[in-house]
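1. Have a look at this prediction, sequence included:
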Protein chains: 2
Amino acid sequence: MTARNDYEPLSEDSLRARIGAIADVAKRLGNAPEDWGVREVGDGNLNLVFIVDGADASVIVKQALPYVRLVGDSWPLPLYRAYFEHEALSRQAVRDPGSVPEIYHFDPDQALIVMEFLSPHTILRQKLIRGETVAGLADFLGDFCARTAFRGSELSMDSGAKKADVAIFAGNVAIPAITEALVFTDPYFAAEMNHHTPGLDGVIARLRGDVALKIEAQRMLQAFASNTETMVHGDLHSGSLMCTDAETKVIDPEFAQYGPLGFDIGMLIANLLMAYFSQPGHRDETACADMQGWILSVIDGTRDRFNTEFRHLWSSERTGMLYPATLFEDQGHDSTPACDRVLKDLWADAMGIAGIEMHRRCLSLAHNADFEDIEDPAIRAPLEARNLMMGRELVLSRFDTDLPGRIGAIARRHNEENFL
Amino acid sequence: MTARNDYEPLSEDSLRARIGAIADVAKRLGNAPEDWGVREVGDGNLNLVFIVDGADASVIVKQALPYVRLVGDSWPLPLYRAYFEHEALSRQAVRDPGSVPEIYHFDPDQALIVMEFLSPHTILRQKLIRGETVAGLADFLGDFCARTAFRGSELSMDSGAKKADVAIFAGNVAIPAITEALVFTDPYFAAEMNHHTPGLDGVIARLRGDVALKIEAQRMLQAFASNTETMVHGDLHSGSLMCTDAETKVIDPEFAQYGPLGFDIGMLIANLLMAYFSQPGHRDETACADMQGWILSVIDGTRDRFNTEFRHLWSSERTGMLYPATLFEDQGHDSTPACDRVLKDLWADAMGIAGIEMHRRCLSLAHNADFEDIEDPAIRAPLEARNLMMGRELVLSRFDTDLPGRIGAIARRHNEENFL
């Protein structure tokens, strides 16, 4: 986790030599390194990603770059994030088996992970833009978020082991710092790297003039930076999900940290809502209505499955020090009201995160293809405005107990509005 | 912070040899080690404490024991807590200069700290039991709590430095685990090591049958175990304060950890309230009324000074990433409502902690001399009952914005009641 003097960013050629030297991986691929097909396919902001095709198999080689790819080498970023990605993938594989790619090799000095090539999976965000659905998506997402949240918390974990893990992940400073600035603060003033679609100035002035909204965003930042309830994926948007028409996997947990129980599910719902609001920019009215209906059904289904799975784990795996059975069941006291309370707090955080994520993806540095792929700003702006205004409602209403149940209704209402 | 093979608990004789070998300390004391006066005075639960009197000066030698002194060697406790005590003292000395004893020497292998001998200071708890007042106490306490809370948080600290510090203190597992069990959980069921004054059974049954109360206590545990807002002293009761009639110092931060901003001020107020409720067991009616009036004035003054100092630091030292001026003042937006919000959340935690501390000190393992020194259980029980019932009110009302301002009134009301 300190300086890597021999670190070298891979090229297609140097990859053959380096990966060829890893016996397990070379054997898996089958033929000689010089005969492998090697393609760089990284479209993210922070890494090189290669697909390596051998005679017998294909693998992914992911290597961290020492700067933010989107911005260039003026924004350095520590390579140790590959270590945290590896640590996070290992934990997620245990907490929700089958949910993440299998790891074949990890080289901390090269900030390099060799892992399962998911095929014929494609990034969920692209599928949503194309109008493709995924069977079982809601159940997968609800289970993943509930299981990783619950099993990574002191509802389940031994407190000593959890604290030791907090100490490990507290070393991941630079990556959370990106989230801290870009997500929670930059959207709410004219920060240097911000950009936004022309036509939104009026809506943006309304958001940036709303002191109550800014206070809630900073309260959420305070929670994000200081609340170590569980290990979160930290970047669980539709670009971190790879799907076939019936299977989903979670990738890219390099933003993993200890954070609020509701963080991942909140960010995820925000990104599904952005997919929802952007649909009119991608297809005709009928196809759009179908796709929007499906996306809302995924949101409802994810929320419901999350709650069901969380409650199931509460009753079957509550082995940590929080809300112990000694204090409830063993005293003849039903712990359901305690679980209700935990879920209420969790959803208040989730709805706050969701609203902020909806803001930052239209106002801060890193926008979403859902909106960005709509070329005409005159079409894009009113859709983004709906998204921004719904984000505001989620943040300001986040303590309403019935809010998670009304997400679909609020989205439909905003989808009819013209805020420009 | 790992095994200390040469660790040896000091005796009065071995102390002379070991401390005599520390040139700085030996020089400070003046005469030859064999001529020093050495007294073991530890009355706490976890440590050996010696006063060493030399010709020129006196010093305190504090050494951690590898078990809980109160219980014996059946309850082992890691020696590395001396390291955390030293780390915490160093930070407190910077954040509120003059508030803690000066450190002369630290030996991590022997879990041993040599520090300033405070004289003629005595433990505040003893003074309160004796009916002695301390000039300037409220201002000192309010300043100490506000300064250490604010300056140890991301309202002030650089986030990278704060996260690095969180990683360090996450290594202090065993000590927070004591708090987690003894404070938040054990009071609310018949835990093995609990004991309580005869006559309280009815009140205790009422508390332990109150599911809403237990849920709030566990919510506070969740916050205590997962909320790294600032470095807290962690054990700031009246036994951790040493006073003359006009000066106060804070000692014994071996329970230091990152925790909620409101933790220390909450625990402190709880202990002042216990001093208040126990007064009728220590003196006649007139003297009692005077002393109770003074204690409530200290509580009010501490709260007010805390708020004043916190707001002063907010406006003069808000250099961290939370609620940055770029987002408020630089946009022409007054940040006072944001500070109000932070203080509201802080006090909700403080009042919750206060109520729970008032419970655990009468119901769990480690009771307070305030009540314990009242020999007759028939006198002690009704006073403890008032304390327990007020604790319940604080926990259940902790989100009421006006609650901190009503502490004195609530205390006076409970002081008139007979709950048995």
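-> It's in. Numbers count the residues shown, from 1 in each chain, chains lettered A, B, ... in the order given.
2. A:Asp143 is in contact with A:Thr308, isn't it?
-> No - using CB atoms under 8 Å, A:Asp143 is not in contact with A:Thr308; the gap is 9.1 Å. (Each C-beta comes from the backbone N, C-alpha and C, glycine too.)
3. Just want to know which of these two has more residues nearby.
-> A:Asp143 (20 against 14; other CB atoms under 10 Å in any protein chain shown).
4. So which residues on the stretch 51-200 of chain A come close to chain B?
-> Counting by CB under 8 Å from any CB of the partner chain, the stretch 51-200 of chain A comes close to chain B at A:153-154, A:159-160, A:163-164, A:166-168, A:170-171, A:173, A:176-177, A:180-181, A:185, A:188-189, A:191.
5. okay, now the domains of chain A?
-> Chain A breaks down into these domains under automatic domain parsing: A:12-116, A:122-415.
6. burial measure for A:Leu403, as a count.
-> Neighbour count for A:Leu403, taken as other CB under 10 Å: 18.
7. now swap in the one 10 residues further on and tell me
-> For A:Arg413, the number of neighbouring residues by other CB under 10 Å comes to 14.
8. And the pLDDT for it?
-> Listed pLDDT for A:Arg413 reads 98.
9. swap in the one 5 residues further on?
-> On pLDDT, A:Asn418 comes in at 96.
10. I'd assumed A:Met389 was in contact with it.
-> No - using CB under 8 Å, A:Asn418 is not in contact with A:Met389, being 10.6 Å away.
11. So between the two, which is more surrounded?
-> Shown here are A:Asn418 and A:Met389; by other CB under 10 Å, A:Met389 has more neighbours (19 against 7).
12. From chain B, how far out is that one?
-> 20 Å (CB to the nearest CB, to the nearest Å).
13. Enumerate every residue touching that residue.
-> A:Val203, A:His414, A:Glu417, A:Phe419 (CB atoms under 8 Å, 6 or more residues apart in numbering or on different chains).
14. Mind doing that once more with 7 Å?
-> The contact partners of A:Met389, by CB atoms under 7 Å, 6 or more residues apart in numbering or on different chains, come to A:Val203, A:His414, A:Phe419.
15. what's the pLDDT at it?
-> You'll see A:Met389 listed with a pLDDT of 98.
16. ok, now the one 4 residues further on?
-> A:Glu393 is assigned a pLDDT of 98 by the prediction.
17. Any buried residues in the helix or strand hosting it, and which?
-> Here A:Glu393 sits within helix A:377-396, counting by DSSP states H and E. Across helix A:377-396, burial judged by 16 or more other CB atoms under 10 Å in any protein chain shown covers A:379-396.
18. Now find how far off-centre it is within its chain.
-> For helix A:377-396, the distance from its own C-alpha centre to the chain's C-alpha centre is 20 Å (CA atoms, centre = their mean, to the nearest Å).
19. same question, stretch A:337-355
-> 18 Å.
20. So which of the contacts of A:Met389 wins on neighbours?
-> Within those, most neighbours by other CB under 10 Å means A:Val203, with 23 neighbours.
21. so what pLDDT did the nearest residue to A:Gly199 once chain neighbours are set aside get?
-> Spatial nearest neighbour of A:Gly199, excluding adjacent residues (CB to CB, 6 or more residues apart in numbering or on different chains): A:Ala381 at 3.5 Å. For A:Ala381, the pLDDT comes out at 98.
22. Please apply the same query to A:Val68.
-> Confidence at A:Val68, expressed as pLDDT, is 73.
23. which residues does it bridge with?
-> Beta bridges link A:Val68 to A:Gly72 when assigned by DSSP bridges.
24. can you give me phi and psi for A:Val38?
-> phi -130, psi 120 (degrees, to the nearest 10).
25. what's it in contact with, if anything?
-> A:Val38 makes contact with A:Glu12, A:Leu15, A:Arg16, A:Phe50, A:Val52, according to CB under 7 Å, 6+ apart.
26. Of these, which count as buried by neighbour count?
-> Counted by 16+ other CB under 10 Å, those give A:Leu15, A:Arg16, A:Phe50, A:Val52 as buried.
27. Pipe these into a markdown table and attach secondary structure per row.
-> Listed next are the buried ones among the contacts of A:Val38 as a markdown table, based on DSSP: H, G, I helix; E, B strand; the rest coil:
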| residue | secondary structure |
| --- | --- |
| A:Leu15 | helix |
| A:Arg16 | helix |
| A:Phe50 | strand |
| A:Val52 | strand |
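28. quick check, nearest of the residues you listed to chain B?
-> Taking CB to the nearest CB as the measure, chain B sits nearest to A:Phe50 out of these, at 31.5 Å.
29. mind listing what's buried in stretch A:150-162?
-> Going by neighbour count (16+ other CB under 10 Å), the buried part of stretch A:150-162 is A:Phe150, A:Arg151, A:Gly152, A:Ser153, A:Glu154, A:Leu155, A:Ser156, A:Met157, A:Ser159, A:Lys162.
30. how distant is it from the center of its chain?
-> Here the centre of stretch A:150-162 is set off from its chain's centre by 21 Å, with CA atoms, centre = their mean.
31. What ranges in chain A fall below the confidence cut-off?
-> Filtered on pLDDT under 70, chain A yields the residue ranges A:1-5, A:44-45, A:69-74.
32. Please, where are all the strands along it?
-> Secondary structure of chain A by DSSP state E: the strands cover A:37-40, A:47-53, A:58-64, A:67-68, A:72-76, A:103-107, A:112-116, A:122-123, A:230-232, A:241-243, A:248-250, A:257-259.
33. ok, the first one: who's next to it in the sheet?
-> Read it as strand A:37-40. Taking DSSP bridges as the criterion, strand A:37-40 forms sheet pairs with strand A:47-53 (antiparallel).
34. For the partner strand, give me every contacting residue.
-> Counting by CB under 7 Å, 6+ apart, A:9-10, A:15, A:19, A:29, A:36-42, A:58-65, A:117 sit against strand A:47-53.
35. returning to what we had before: distance of the residue nearest to A:Gly199 from B:Lys62?
-> 66 Å (CB to CB, to the nearest Å).
36. likewise A:Gly30?
-> For A:Gly30, the distance to B:Lys62 equals 66 Å [CB to CB].
37. These two: which has the busier surroundings?
-> B:Lys62 (23 against 13).
38. Hmm, B:Gln110 and the more buried one touching each other?
-> No - B:Lys62 is beyond contact range of B:Gln110, at 10.7 Å (criterion: CB atoms under 7 Å).
39. Quick one: name the residues of the stretch 201-350 of chain A near chain B.
-> A:211, A:214-215, A:218-219, A:221-222, A:225-229, A:321-324, A:326-327, A:331, A:333, A:337-338, A:341 (CB under 7 Å from any CB of the partner chain).
40. Now with 6 Å, please.
-> Counting by CB under 6 Å from any CB of the partner chain, the stretch 201-350 of chain A comes close to chain B at A:211, A:214-215, A:218, A:222, A:225-229, A:321-323, A:327, A:331, A:333, A:338, A:341.
41. can you count the residues close to A:His319?
-> Small correction: residue A:319 is Thr, not His. 13.
42. Excluding residues flanking it in the chain, which one is nearest it?
-> Distance criterion CB to CB, 6+ apart; nearest residue to A:Thr319, sequence neighbours excluded, is A:Ser156 at 5.9 Å.
43. correct me, but that neighbour touches A:Gly320?
-> Yes - here A:Ser156 reaches A:Gly320: they are 5.0 Å apart, a contact under CB atoms under 6 Å.
44. Identify, by residue count, the longest helix of chain A.
-> helix A:285-316 (DSSP state H).
45. which parts of that helix are buried?
-> Quick answer for helix A:285-316 (16+ other CB under 10 Å): A:288, A:291-292, A:294-296, A:298-299, A:301-303, A:305-307, A:309-311, A:313-314.
46. Before I go, just wanted to say thanks for your time.
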